[in-house]
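Engineer: predicted model and sequence below, questions to follow.
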Amino acid sequence: MAIISRGFSGRRSAADVKLPPGQYLTTDFPVLSAGPTPHISLDRWEFTIDDGSNVLKRWDWKSFRELPTETITVDIHCVTRWSKLGTSWEGVSLDVLLGDLKTDLPYAMFRSYGDYTTNLPLKDVINKQAWVAFKYNGADLEPEHGGPARLLVPHLYLWKSAKWVKGMTLMPHDKPGFWENLGYHIYGDPWKEQRYSNE
Amino acid sequence: MEGTAVLERVTWRVAKVVAVHDETATARTLALTVRDWPGQIAGQHVDVRLTAPDGYSAVRSYSIASAPNSDGRIEITVERLPNGEVSPYLTKELLVGDDLELRGPIGGWFVWRRDQTEPVQLVAGGSGIVPLMAMIRSRASAGSFAPFRLLYSVREPGAVFYRDELQALSDQNNSVIVTYAYTRATPKDSPRPPGRIDAALIATGTWPSNVAPTSYVCGPTSFVERATDLLIAAGQDRERIRTERFGATGERK
């Protein structure tokens, strides 16, 4: 039974009905990062897919940018409770990156410059659910928001959308990444409010 | 495991407001006693939930300002945001004796543990001082000799939180070295004109890189970006820099 806060009425808007539980709407773009922002030059940048022992696919920036891209307009939800509606990105679909790759490994650990990691089931990043995004609102993605390129998995809390992403490692079993090891939920569905590991 | 420590602690608890005092014209510290509080590590935060009579609720996160103790009492310092939904209530409406709901402590990364002995560099922008103050207080209450420095950037002298306590802590033996930086208006005797932090201030106000400190940087996003870039340019190891950023909304990110 919640305690009623004497004199508190709150601020509600019609848009709130579209938000996952416990989220509030923001129009700015806050930043959540555990450490300094890495500044990665494009001539050093690469994205690789491996299975833990062998590199299966590799792109440098030039070959990555030759891949077909999509424009994505999605709502995003951060575990720190802000949501932002109708954000616009340009990126390469994971369907394109995985392409004809055949694998029985059902999980992936995404790896970033700056040593961030986050885990995702493979089924959550295929079929038009995830992109490696390099533009936000038509402009090159700023380093503080994950540029030159970040993962975008909008149906999960935004910590899953790894900034400064540099690759994915396919795995036979799920295992926790950086924030998941620090008590955040292993999956992170905002509509089920899976913020922390016991929710 | 840090993960399991967090796991057991995120149930909602009842907290009673036992004292309030204003830090500045726009910030207030709330002292709370929390039933069955499990204790915290310096740098962690809590979620605070307010509920309206019709059941509508709003939750925000606030860093804990007080040192860990065993009496179930914590303090949070809340900066009032002009268009905030929760912070105006916490800083103006809430009275001693009121109950709140909160859960925590939360966060296993931006923390300072009492068994850390290495030098520590704290860098605060505005209300980003709050979790860093918890670390300073934790160091003091633990009798730690870990060398601490604080570089604290504020708009003007009147915006400094915990001024007297920081003064006292920097005057005693085994002190915390405190350097203030003012962005809009300085005290009369300030040697430096108002301005954003820069390389010269990093050179005089932080540990040299050969000390190899662990750094904790907290404040608005633009401040954290600038401060961490300057620390790295001054030779600090990026892997030893931990950050916590506040969004433009001013509430914890």
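Structural biologist: That came through, no problem. Numbering: from 1, shown residues only, chains lettered A, B, ... in the order given.
Engineer: just the strands in chain A please.
Structural biologist: Using DSSP state E, the strands of chain A run over A:24-25, A:46-50, A:55-60, A:70-77, A:82-93, A:107-112, A:117-121, A:131-136, A:139-140, A:150-152, A:165-171.
Engineer: if you could redo that for the stretch 151-253 of chain B, that was the one I meant.
Structural biologist: B:177-182, B:214-220, B:241-246 (DSSP state E, counting those that start in this stretch).
Engineer: domain assignment for chain B?
Structural biologist: Split into domains by automatic domain parsing, chain B comes to B:2-106, B:120-246.
Engineer: now tabulate these in TSV and tack on mean pLDDT, distance to residue A:185 and mean neighbour count.
Structural biologist: Every C-beta, even on glycine, is put in place using the N, C-alpha and C of the backbone. Converted to TSV, the domains of chain B look like this (pLDDT from 0 to 100; distance: least, C-beta to C-beta, whole Å; neighbours: other C-beta atoms under 10 Å in any protein chain shown):
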stretch	mean pLDDT	distance to residue A:185	mean neighbour count
domain B:2-106	90	10	18
domain B:120-246	94	20	18
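Engineer: for residue A:158, which of the strands of chain A is the nearest?
Structural biologist: For residue A:158, the closest of the strands of chain A is strand A:70-77, at 5.4 Å, according to C-beta to C-beta.
Engineer: give the rounded mean pLDDT of that closest one.
Structural biologist: The pLDDT scores in strand A:70-77 average 96.
Engineer: distance between that strand and the chain's centre?
Structural biologist: Strand A:70-77 has its C-alpha centroid displaced from the chain centroid by 11 Å (C-alpha atoms, centre = their mean, to the nearest Å).
Engineer: same thing with stretch B:25-32?
Structural biologist: For stretch B:25-32, the distance to the chain centre is 13 Å (C-alpha atoms, centre = their mean).
Engineer: give me the contacts around that stretch.
Structural biologist: By C-beta atoms under 8 Å, 6 or more residues apart in numbering or on different chains, the surrounding residues in contact with stretch B:25-32 are B:15-23, B:65-66, B:73-80, B:90-91, B:94, B:100, B:102, B:127, B:158, B:161.
Engineer: for the residue most central in space within chain B, which residues are in contact?
Structural biologist: Closest to where the C-alpha atoms of chain B average out (C-alpha atoms, centre = their mean) is residue B:130, at 1.8 Å. With contact set as C-beta under 8 Å, 6+ apart, residue B:130 has these partners: B:62, B:63, B:64, B:65, B:76, B:77, B:161, B:218.
Engineer: redo that, cut-off 6 Å
Structural biologist: B:63, B:65, B:77 (C-beta atoms under 6 Å, 6 or more residues apart in numbering or on different chains).
Engineer: just the contacts of stretch B:25-32: which are in strands?
Structural biologist: Short answer: those in strands (DSSP E) are B:15-22, B:73-79, B:100, B:102.
Engineer: if I look at residue A:68, how far off is chain B?
Structural biologist: As for residue A:68, its distance to chain B is 33 Å (criterion: C-beta to the nearest C-beta, to the nearest Å).
Engineer: for that residue, phi and psi?
Structural biologist: phi -60, psi 140 (degrees, to the nearest 10).
Engineer: for it, which non-adjacent residue is spatially closest?
Structural biologist: residue A:96 (6.1 Å; C-beta to C-beta, 6 or more residues apart in numbering or on different chains).
Engineer: equivalent analysis for residue B:219, please.
Structural biologist: Counting by C-beta to C-beta, 6+ apart, the residue nearest residue B:219 is residue B:125, at 2.4 Å.
Engineer: right, and the one you found touches residue B:152 too?
Structural biologist: No. The criterion here is C-beta atoms under 6 Å, and residue B:125 misses it with residue B:152 at 8.4 Å.
Engineer: what are the boundaries of the helices in the stretch 51-200 of chain B?
Structural biologist: Along the stretch 51-200 of chain B, counting by DSSP state H, counting those that start in this stretch, helices occupy B:87-88, B:129-142, B:163-171, B:199-205.
Engineer: reformat these as JSON lines; add distance to residue A:113.
Structural biologist: Output for the helices of the stretch 51-200 of chain B, formatted as JSON lines (distance: least, C-beta to C-beta, whole Å):
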{"stretch": "helix B:87-88", "distance to residue A:113": "35"}
{"stretch": "helix B:129-142", "distance to residue A:113": "26"}
{"stretch": "helix B:163-171", "distance to residue A:113": "36"}
{"stretch": "helix B:199-205", "distance to residue A:113": "23"}
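Engineer: need the residues of chain A near chain B, please.
Structural biologist: Residues of chain A lying close to chain B (C-beta under 6 Å from any C-beta of the partner chain) are A:2-5, A:7-11, A:22, A:26, A:28, A:30-32, A:34-37, A:80, A:144, A:181-183, A:196-198.
Engineer: generate a PyMOL selection restricted to the buried subset of those.
Structural biologist: A single PyMOL command selects the buried members of these (16 or more other C-beta atoms under 10 Å in any protein chain shown):
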select buried, chain A and resi 3+5+8+10+22+26+30+31+32+34+35+36+37+80+144+181+182+183+196+197
